[in-house]
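**Student:** just coords:
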């Protein structure tokens with residue numbers, strides 16, 4: 001069970017390194033994408049072999065993940081400290097974030113949310129219905145031809161007959 005928690009921790013840490021490039025571009029370096037990929041691979045290996053990891057091996061993985069986490073945290077905070085204040089991405093305070101979320105949540109009432117969900121689901125199903133009808137219309141050809149009077153064609157067999165073989 002602890003190996004699964006460890007795998008999730010490594011995976012989320014790798015995701016954090018990956019997303020730092022988009023939210024904090026001043027602390028991102030080119031190789032961070034590579035190292036986040038290595039972290040995702042390590043998380044995958046931990047997840048796949050979680051049932052086989054026991055005892056001392058699990059303790060070793062816990063220690064290595066703790067050291068990696070500490071190292072990444074120190075590296076990212078050092079990168080941010082070295083960056084000049086004018087180039088740093090502003091981090092909003094927790095009060096500002098909670099106020100913004102509360103204001104947005106209070107602006108939309110429950111019936112409005114339900115109607116938006118209903119409209120979204122309806123548009124998805126109508127889109128699927130339209131695509132299905134288009135597919136059916138393409139598969140069934142529309143034949144609206146009037147009967148025509150064609151002259152019958154006579155088929156003439158010009159092959160030479162094979163003579164019968166005499167069986168003796």
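**Tutor:** Nice, I can see it. Nothing here was measured: the structure is a model prediction, and the numbers come from that model.

**Student:** for residue 83, give me its contacts.
**Tutor:** Listed by CB atoms under 8 Å, 6 or more residues apart in numbering, the contact set of residue 83 reads 26-27. Where you see a C-beta, it was placed from the backbone N, CA and C, and this is true even at glycine.

**Student:** apply 10 Å and report the result again.
**Tutor:** For residue 83, the contacting residues are 24-27, 89, by CB atoms under 10 Å, 6 or more residues apart in numbering.

**Student:** for residue 49, same thing?
**Tutor:** Here residue 49 is in contact with 3, 7, 57 (CB under 10 Å, 6+ apart).

**Student:** burial of the first one, as a residue count?
**Tutor:** The local packing count at residue 3 equals 20, with neighbours defined by other CB atoms under 10 Å.

**Student:** repeat that for the second one.
**Tutor:** When counting by other CB under 10 Å, one arrives at 22 neighbours for residue 7.

**Student:** doesn't residue 58 make contact with it?
**Tutor:** No: Residue 7 is beyond contact range of residue 58, at 11.5 Å (criterion: CB atoms under 10 Å).
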